[in-house]
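Peer 1: Generate a structure from the sequence data that follows.
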Amino acid sequence: MQLKTTQRIELPATADMHVHLRQGDMMNLVVPTVRQGGVDTVFVMPNLAPPLTAVDKVLEYKAQLEALEKNVHFQMSLFLHPLVTPDVIDQAAAAGITGVKLYPQGVTTNSENGVADITAFYPTFAAMEKHDIVLNIHGEVLEALAPEGLSLEEAFLPTLKTLHEQFPNLRIILEHCTTSAAVEAVRACGPNVGATITAHHLYLTHHEACCDPFAFCKPIPKKPTDRDALVKAAVSGETKFFFGSDSAPHPLESKTTAEQGKTPAGVFTQPYVTQLVLLALEEAVERGVITDDDITQEKLEGFLSRNGRRFYKLPETAPGKIVLERKGEKIATSIKSETVEVGNSRGGDEVFTLTWV
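Peer 2: Numbering: from 1, shown residues only. Alright, predicted model coming up:
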């Protein structure tokens, strides 16, 4: 596909298998942007305040989301915590909850109540394996625990291998891969291990993330070679890799007024997620990382839509379709309501215009 000169692309609706939709006024602002980005199915993160550790609280949150947008399928998750026992997993399975999110303690936003000792949760993982509930992993260690010379993500990869060996029938997703080592680690595991790749990790490196508050996120973008490995995985055609935006809104003021080193971690891409993936691939062709021939209709549909649905055992065929056309549209600087404003990633850049058909 000659993406640079392509004027029109028709795709199945995108499945975004990693989103942060927040609470209160922020939730009210962000949820309506899901379909704006061409998405009809999302896997929702549970790191609210307080975190979602009970089935009834997850279902209550789902009802709030559905009240805001009835045309999106919200796949829900629990926050891994000592309260999430095997009995709670039994309840979650009966309620149709799709996954459980593992946050190592203290590694990212609202993860203070996360996991310090993974082995303590082996009985919970066994219950998840029994009920075929997905384990979603934020795969990083605390900075103090990372050996010198290894990124926080690379230091976590042996734990991924161990979990897969201990629970070979447990479906595991290494969320928001950022390194070539993570891509290879996922490939080395069996078919029950997959990985999400964000839009922003397809175009950002540590050079932007260290200096631009709107590019700062966890896990931090890495070297250009890591970014390019993610691009190649996204167009590899391998069903292990699929889209999860990790779109993470923070109030604009908190991004622009924070002291150096204290900017909240998160890149907000939700209103343009599909277009940003295409923009990242277009730029990768220009860099010579991939060729036009690497970008096919089948591979775009796989990465953006079908692979994620297949891994989660959802219907692979999305009922809705989206059309992307070149009309000179530019990404808005921000989205806002009367009470909150959020800055968009790559505001001002030209992207495809997206419509539903």
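
Peer 1: Can you give me the neighbour number for the closest residue to D292 other than its chain neighbours?
Peer 2: Distances taken as CB to CB, 6 or more residues apart in numbering place Q2 nearest to D292, at 5.1 Å, with adjacent residues excluded. In this view, the C-beta of every residue, glycine as well, is placed from N, C-alpha and C. Neighbourhood size, Q2 [other CB atoms under 10 Å]: 9.

Peer 1: quick check, Q2 in a strand?
Peer 2: No. Applying DSSP: H, G, I helix; E, B strand; the rest coil, one finds Q2 to be coil, outside a strand.

Peer 1: Give me the phi and psi for it.
Peer 2: Main-chain torsions, Q2, degrees, to the nearest 10: phi -80, psi 80.

Peer 1: Would you agree it is in contact with T291?
Peer 2: No. Using CB atoms under 8 Å, Q2 is not in contact with T291, being 10.3 Å away.

Peer 1: Check E143 and give its pLDDT.
Peer 2: Looking at E143, its pLDDT reads 69.

Peer 1: does I335 sit in a helix, a strand or a coil?
Peer 2: strand.

Peer 1: Is it correct that A67 falls within a helix?
Peer 2: Yes. Assessed by three-state DSSP, A67 belongs to a helix.

Peer 1: Please state the offset of stretch 191-202 from the chain centre?
Peer 2: 7 Å (CA atoms, centre = their mean, to the nearest Å).

Peer 1: correction: stretch 336-345
Peer 2: The chain centre lies 20 Å from the centre of stretch 336-345; the measure is CA atoms, centre = their mean.

Peer 1: Then stretch 114-134?
Peer 2: 21 Å.

Peer 1: and for it, what are the contacting residues?
Peer 2: 79-82, 84-86, 89-90, 92-93, 97-100, 102-107, 135, 159, 163, 166-167, 169-173, 311-313 (CB atoms under 8 Å, 6 or more residues apart in numbering).

Peer 1: Could you list which of those belong to helices?
Peer 2: 86, 89-90, 92-93, 159, 163, 166, 311 (DSSP state H).

Peer 1: Looking at those residues, spot the one nearest F352.
Peer 2: F311 (26.1 Å; CB to CB).

Peer 1: hang on, the earlier thing: so the residue nearest to D292 versus E154, what's the distance?
Peer 2: Distance, Q2 to E154, using CB to CB, to the nearest Å: 36 Å.

Peer 1: mean confidence for stretch 277-284?
Peer 2: On average, stretch 277-284 scores 98.

Peer 1: CA atoms only for it - export them in PDB, please.
Peer 2: This file holds the C-alpha atoms of stretch 277-284, laid out as PDB (Å, rounded to 0.1, in the frame of the first residue of the first chain):
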ATOM      1  CA  VAL A 277      -1.100   4.600  13.800                       C
ATOM      2  CA  LEU A 278      -1.300   5.300  10.100                       C
ATOM      3  CA  LEU A 279       0.800   8.500  10.500                       C
ATOM      4  CA  ALA A 280       3.500   6.500  12.400                       C
ATOM      5  CA  LEU A 281       3.600   3.900   9.700                       C
ATOM      6  CA  GLU A 282       3.900   6.600   7.000                       C
ATOM      7  CA  GLU A 283       6.800   8.100   8.900                       C
ATOM      8  CA  ALA A 284       8.500   4.700   9.300                       C
END
